[in-house]
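J.: Fold the following.
(one chain, ligands or ions: 2)
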Amino acid sequence: MSFKSVFIKAELTQNIELGKDYYVSWFNAPEIIKTISPGQFVMMESGQYLLRPFSVYEIKNNNIGFLYRVIGGGTSFLSKLKIGDKVSIHGPLGKGFSLPENKQKPILIIAGGIGIATFPLVARIAHEKGYKVKTLFGARSVNDLVCAEELKKYGELESITDDGSSGKKGFVTELLTNELKKNKDQEIFVCGPTPMLKSVIKVCNEFGVIAQVSFEEFMACGYGVCMSCVIMANGKYVRTCKEGPVMKSDVVAV
Ligand SMILES: Cc1cc2nc3c(=O)[nH]c(=O)nc-3n(C[C@H](O)[C@H](O)[C@H](O)COP(=O)(O)OP(=O)(O)OC[C@H]3O[C@@H](n4cnc5c(N)ncnc54)[C@H](O)[C@@H]3O)c2cc1C
Ligand code: FES
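T.: Ligands and ions are numbered 1, 2, ... in the order given. From the prediction side, this is the model:
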């Protein structure tokens with residue numbers, strides 16, 4: 001079922017610093033929360049010419065939360081907002097993750113870096129509906145393993161870091177390979193930087209499994225008109241903001 005997105009002015013209710021450069025900003029947005037499904041995103045005012053896309057991290061009462069890492073002008077603008085400031089938000093947008101019809105099929109979440117931001121809501125809803133949830137989380141270092149504790153509330157979590165500062169040293173694809181050797185019959189949800197997505201899709205292809213992958217391409221409009229977000233799928237260009245951001249791994253060219 002698809003619902004209409006809305007443009008609203010939303011008030012900042014809380015801004016929490018999670019660690020160096022990581023924040024969760026909460027906005028009062030009942031109009032958006034009404035129709036949201038896990039894995040969707042919004043376009044948010046950024047103090048820059050263009051709005052910026054953000055995954056929905058969590059919803060709580062009438063508030064919607066976004067987890068982000070400050071990397072440039074837009075995220076810096078967000079991190080400096082004061083309680084009571086209002087920003088324009090357009091959403092919910094795009095297609096999110098689909099839970100499998102078979103509730104016995106475990107959900108395996110694969111997150112890379114800030115790609116984790118889309119998963120607390122997904123994991124909580126899946127857990128509340130009775131699915132078994134496991135998260136494999138790859139990050140640059142221990143400082144980037146944000147919200148791992150929160151995900152542990154909904155199931156097992158294994159982490160791996162590029163520098164070995166927490167857990168094993170290596171990439172999340174190693175954890176995925178081990179997991180698929182044990183059980184291929186899992187519903188796999190993936191989000192992270194493009195090189196990591198490509199590596200994960202290659203592993204899935206080797207094992208003959210199809211994952212649901214969330215693509216975080218650059219987006220200018222977020223609702224299908226500018227074509228700035230296209231990728232190749234099934235031999236033609238598709239808009240990750242409209243046909244995605246979540247798409248099946250078997251249609252995507254890697
Ligand atoms: C559907 C979707 C959901 C997203 N959800 C989140 C989220 O929940 N949390 C979060 O922190 N970020 C998320 N992002 C990325 C977020 O939109 C970018 O971090 C943001 O656009 C950066 O804006 P900025 O103005 O701070 O940086 P800019 O000044 O625009 O860019 C700073 C630097 O980051 C690079 N950059 C910017 N955007 C991207 C990108 N998408 N991929 C790779 N490099 C990039 C630029 O090339 C530049 O080098 C999402 C992106 C998409 C498409
Ligand atoms: S961001 Fe404009 S078409 Fe996708």
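
J.: From here on, just use CA atoms for contacts and neighbour counts.
T.: Noted.

J.: Give the bridge partners for residue 212, please.
T.: Beta-bridge partners for residue 212, by DSSP bridges, are residue 189, residue 248.

J.: Tell me how far it lies from ligand 2.
T.: Residue 212 sits 19 Å away from ligand 2, going by CA to the nearest ligand atom, to the nearest Å.

J.: what's the average pLDDT for stretch 66-77?
T.: For stretch 66-77, mean pLDDT rounds to 97.

J.: Briefly note if that stretch comes near ligand 1.
T.: Yes: for a cut-off given as CA under 6 Å from any ligand atom, stretch 66-77 has contacts with ligand 1, namely 66-76.

J.: got a list of contacts for that stretch?
T.: Around stretch 66-77, the neighbours that count as contacts under CA atoms under 8 Å, 6 or more residues apart in numbering are 21-26, 45-48, 52, 54-58, 79, 114, 117.

J.: Just the ones in strands from the residues you listed, please.
T.: Counting by DSSP state E, the contacts of stretch 66-77 place 22-26, 52, 54-55, 58 in strands.

J.: got the contact list for the residue of the stretch 101-250 of the chain at minimum distance from ligand 1?
T.: Scanning the stretch 101-250 of the chain for the residue nearest ligand 1 gives residue 216, at 3.6 Å (criterion: CA to the nearest ligand atom). The neighbours of residue 216, taking CA under 8 Å, 6+ apart as the test, are 191-194, 240, 245.

J.: any idea how far it lies from residue 100?
T.: If you measure residue 216 against residue 100 using CA to CA, to the nearest Å, the figure is 23 Å.
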